[in-house]
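S.K.: following is a predicted model, sequence given first.
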Amino acid sequence: MVVFQGLWSVIKAIFMAYRRVPIFYKIIAGFVLGIGIGIIFGPAAAALQFLGTIMVRLISLVVIPLVVCMMVVAVGEVGGKAVGKMGGLTTLLFTISTPFAIAIGLFFAFLFDVGAGIPAPPADPYAAAAGAPSFIDTLVNIVPNNIFMALSTANLLQVMTFSILIGIAISAMNNRGHAFILIEWFKSFGEVMQLILSYSMGFMPIGVMGIIAWLVGTHGLAALLPFATFIGAVYAKTFVLFLFVQVIFFAWILGGISIKKYLQAAKEPLLFSYATNSSFATLPLAMQAAKKMGIKDRVANFVIPYGVVVNMDGTAAFMLNAVLMMLGLPLEAVALLIGFDRLLIGPTRSFLNMNGDLAVAAIVQRFADKGDPEDEEKPVEQPA
C-alpha cells in the first residue's frame, strides 16, 4: 500500500510539472520525438497516425461552432457598418499581399534553378485538367441553401456567411432586450466551446508526435536529397515572406505591434500550423495569440476566421505549376513532389497563411476599428 501511494505521488508530481510547461514547448517536444520515432522505426511508425487523427478531430469538433459564435458576436456587437469597414480593409490587405507572395516565390524559384535534374514521368495523354469554377458559381456557392449541410461538411465560407447575416440581423433588432439575450447566448456557448478546446489542448503534443512520426516514417528523409534545391527555395521564400513582409512590414510597421511581442504571441499557432499542415485546426490557437498581442476580440473574431477562408499567401508563394512551365519543364514533374509535399512543403503554406491572418488582424485593428477609446463592447443595453 505504501509503495502504491509513493508511486501515485510520483506520477501526480510528474503530471503537475507537465501541466506547468507552456504548450509551445510541449509541441516542440512532440515534434522532435515524432521525428526520432519516424527515423528509428521507419514505416512501422505509421501505426501512430491515429494519435494525430484523434487530435485533429478533437479540435475540429469545436472549430465550426466556435466560428459561428465568434462571428455572430463580432458582427452583432459592432453592427453591419463597422463590419463592412473591417471586411473591406481585410479583403484589400489579403489581395495586396498575394502579389508579394507570388513575386517572392518566383524570385527564389529562378535563383535556386528549381526543377533542374528532376526527371519527369511520361505524360498521360488521357489526363484532362479540371476547369476552375466561374465567378458566378463561386459567388453563388458563398450562400448556403442548407445551413445544416454547411455545418456538417465544415464549409467554412458558407458558415461565415450565415453567421454574418445572423449578426447583422441581431444588431438591427428593435427589441434591444432580445438582442442582448441573443448576444449573451452566443458568447456563453462560445465560452463552452473554448473550455472543451482547453481540454483538447492537453492531447495536442501527443497528436503532433503521432503525425510527425507517421510522416517521417512513411516518406523518410534521405529520399529528399534529389529535391534539395527545390526545398531550399521553398524555405528561403517562406523566411523572406514571413519575416520581412508579414512580420516587419505588416505587423510592425502597419500594425504597430513590436516584433518581439508579435513573435512571442504567435509562436504557438505558427508551430502548430506547421506540424498539422492545417490553418483550420490552428484557428483556436490563433485566436488566443491575437488576444496576447492586444488585438480586440471583435476584430480577431472577424478577421482570423475570414482569413482562414480567403488568405492564400502560402499557396501564392508556392506557385509550383507556373514555375515549372516558365522553366520549360513538363508539368508532370509535379507528381514526383507530391509525396514530399505533406512532409516539408505543404506545412509552409499553412504557416504563411496563419501568420498572414494574424498580421492583417493587427492592421485592421489599427486602421478600421475606431471604437470607443475605452473599448466598450456593449452596443446593446441590458434589459431592465
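M.R.: Structure received. Numbers count the residues shown, from 1 in each chain.
S.K.: now the element after the helix or strand I212 falls within, going C-ward?
M.R.: Element membership of I212, judged by DSSP states H and E, is helix 204-219. Downstream of helix 204-219, the next assigned helix or strand under DSSP H and E is helix 228-240.
S.K.: show me what that next one is packed against.
M.R.: helix 49-111, helix 313-318, helix 346-367 (3 or more C-beta pairs under 8 Å, 6 or more residues apart in numbering; DSSP states H and E). Every C-beta, even on glycine, is put in place using the N, C-alpha and C of the backbone.
S.K.: how about stretch 182-195: buried residues?
M.R.: Neighbour-count burial for stretch 182-195, counted by 16 or more other C-beta atoms under 10 Å, picks out 182-183, 186-187, 189-190, 193-194.
S.K.: swap that for stretch 58-65, sorry
M.R.: 58-59, 62-65.
S.K.: ok, back up a step: closest to F250 out of the helices and strands packed on helix 228-240?
M.R.: Ranking the helices and strands packed on helix 228-240 by proximity to F250 (C-beta to C-beta) places helix 346-367 first, at 3.8 Å.
S.K.: the closest one to helix 228-240, inter-axis angle?
M.R.: For helix 346-367 against helix 228-240, the angle by axes from the mean of the first three to the mean of the last three C-alpha atoms, to 10 degrees is 10 degrees.
S.K.: with only the CA atoms kept, save helix 346-367 in CSV.
M.R.: C-alpha atoms of helix 346-367 as CSV (Å, rounded to 0.1, in the frame of the first residue of the first chain):
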residue,chain,number,x,y,z
GLY,A,346,2.8,21.8,-47.5
PRO,A,347,3.4,23.0,-43.9
THR,A,348,5.0,26.2,-45.1
ARG,A,349,1.7,27.2,-46.8
SER,A,350,-0.3,26.8,-43.6
PHE,A,351,2.4,28.6,-41.7
LEU,A,352,2.4,31.6,-44.0
ASN,A,353,-1.4,31.7,-44.2
MET,A,354,-1.8,31.7,-40.5
ASN,A,355,0.9,34.3,-40.0
GLY,A,356,-0.7,36.5,-42.6
ASP,A,357,-4.1,36.2,-40.8
LEU,A,358,-2.5,37.5,-37.5
ALA,A,359,-0.6,40.3,-39.2
VAL,A,360,-3.6,41.5,-41.1
ALA,A,361,-5.7,41.5,-37.8
ALA,A,362,-3.2,43.9,-36.3
ILE,A,363,-3.5,46.3,-39.2
VAL,A,364,-7.3,46.1,-39.3
GLN,A,365,-7.5,47.0,-35.6
ARG,A,366,-5.2,50.0,-36.0
PHE,A,367,-7.0,51.5,-39.0
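S.K.: distance from it to the middle of the chain?
M.R.: The chain centre lies 9 Å from the centre of helix 346-367; the measure is C-alpha atoms, centre = their mean, to the nearest Å.
S.K.: ok, so of the buried residues of stretch 182-195, who is nearest A46?
M.R.: The closest of the buried residues of stretch 182-195, once distances to A46 are taken by C-beta to C-beta, is M193, at 31.8 Å.
S.K.: Three-state assignment for the closest one, please.
M.R.: Secondary structure, DSSP: H, G, I helix; E, B strand; the rest coil: M193 is helix.
S.K.: list the contacts for it?
M.R.: By C-beta atoms under 8 Å, 6 or more residues apart in numbering, the contact set of M193 is 62, 65-66, 69.
S.K.: distance of it relative to M70?
M.R.: Computed as C-beta to C-beta, to the nearest Å, the M193 to M70 distance reads 9 Å.
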